[in-house]
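Novice: Structure of the sequence below:
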Amino acid sequence: MVRARRLAFASLIMIAVNVPWLVVSWLVGLAAMALVGAREGQLLTEYGAGGWVAWALMLAFMTVPSVAGVVLGVRARRVGERRLSTAGIVANAVVGVGWVVLSAVQVIA
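Specialist: Okay, here's the model as predicted:
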């Protein structure tokens, strides 16, 4: 039961990890923009196939903490922690989907 609770807390902590991960993602995004030759304020997707690949990789990179939080929550649920693991799964899924939706809206708009 202790292991399940630790996994559930680790899942919930991954929500807080998203804040510093945002800074890391921003730096990786700047590197990706420099790689394709984009200037600040321009979208990566304006640079053809290479820009779309960079955007997709950037989106995958941004969702790493959320996916890890969901995985930890599922593991905690399988071991026996129901309440906290469900909270971790739902919260991390909402944050991860939020990243994807915000990125898609930015590309579409």
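Novice: how about low-confidence regions in the chain?
Specialist: Applying pLDDT under 70 to the chain flags no residue at all.
Novice: try 90
Specialist: Across the chain, the ranges flagged by pLDDT under 90 are 1-5, 18-19, 22, 25-26, 28-62, 81-82, 99-100, 102-109.
Novice: Helices of that one, start to end?
Specialist: Applying DSSP state H to the chain gives helices spanning 2-36, 48-62, 64-79, 83-108.
Novice: Can I get those in CSV including distance to residue 42?
Specialist: C-beta coordinates here come from the backbone N, C-alpha and C atoms, glycine included. Converted to CSV, the helices of the chain look like this (distance: least, CB to CB, whole Å):
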stretch, distance to residue 42
helix 2-36, 8
helix 48-62, 9
helix 64-79, 25
helix 83-108, 12
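Novice: Quickly compare those helices and say which is most buried.
Specialist: Highest mean neighbour count of those: helix 64-79, a mean of 20 (counted as mean count of other CB atoms under 10 Å).
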